[in-house]
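>>> model the following, please.
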Amino acid sequence: MGRIFKTPSDDSTEATLRAMHTQNTLDNYYEKGWGWLRTILFTLFAVLATSLWEKHTDASVWDNTVEWFVGKVEDLGNWILGLF
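Numbering: from 1, shown residues only. Here you go, the predicted model:
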């Protein structure tokens, strides 16, 4: 008799469920491992591509981002002051 089902005729059902669980566990490990690997590879590619772009142009992603954020804060401040 199986551990899950308590009748001798249900042994094949339990074996099937156990095999499905094992396969599902292996699939989860594969998907998580491949997902992390893709994340690391694409992040590395994005960093290298950005560095290459910054090297060959006068643009700076960091400076542009900071300038954009400061501009948005100034616009917000002007909008709030305009309410009074």
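
>>> can you name the next helix or strand after the one helix or strand Thr43 maps to?
Secondary-structure assignment from DSSP states H and E places Thr43 in helix 11-56. Beyond helix 11-56 in the direction of the C-terminus, DSSP H and E gives the next helix or strand as helix 61-83.

>>> ok, residues contacting that following helix?
With CB atoms under 8 Å, 6 or more residues apart in numbering as the contact definition, helix 61-83 has outside contacts at Thr50, Glu54. For glycine as for every other residue, the C-beta is placed from the backbone atoms N, C-alpha and C.

>>> swap in 10 Å and give it another go.
The set of residues external to helix 61-83 that reach it, using CB atoms under 10 Å, 6 or more residues apart in numbering, is Thr50, Ser51, Trp53, Glu54, Ser60.

>>> got the angle for the helix holding Thr43 vs helix 61-83?
Angle, helix 11-56 to helix 61-83, by axes from the mean of the first three to the mean of the last three CA atoms, to 10 degrees: 90 degrees.

>>> average model confidence for helix 11-56?
Computed over helix 11-56, the mean pLDDT rounds to 88.

>>> thinking again about what came up before, highest neighbour count among the contacts of helix 61-83?
Glu54 (14 neighbours; other CB atoms under 10 Å).

>>> and that one, what is it in contact with?
If you count contacts by CB under 10 Å, 6+ apart, then Glu54 has Ser60, Val61, Trp62, Asp63 around it.

>>> which pair in these spans the largest distance?
Spatial extent of the contacts of Glu54 (CB to CB) is set by the pair Val61 and Asp63 at 7.5 Å.

>>> what's Ala59 sitting at in phi/psi?
Reported as degrees, to the nearest 10, the phi and psi values for Ala59 are phi -80, psi 150.
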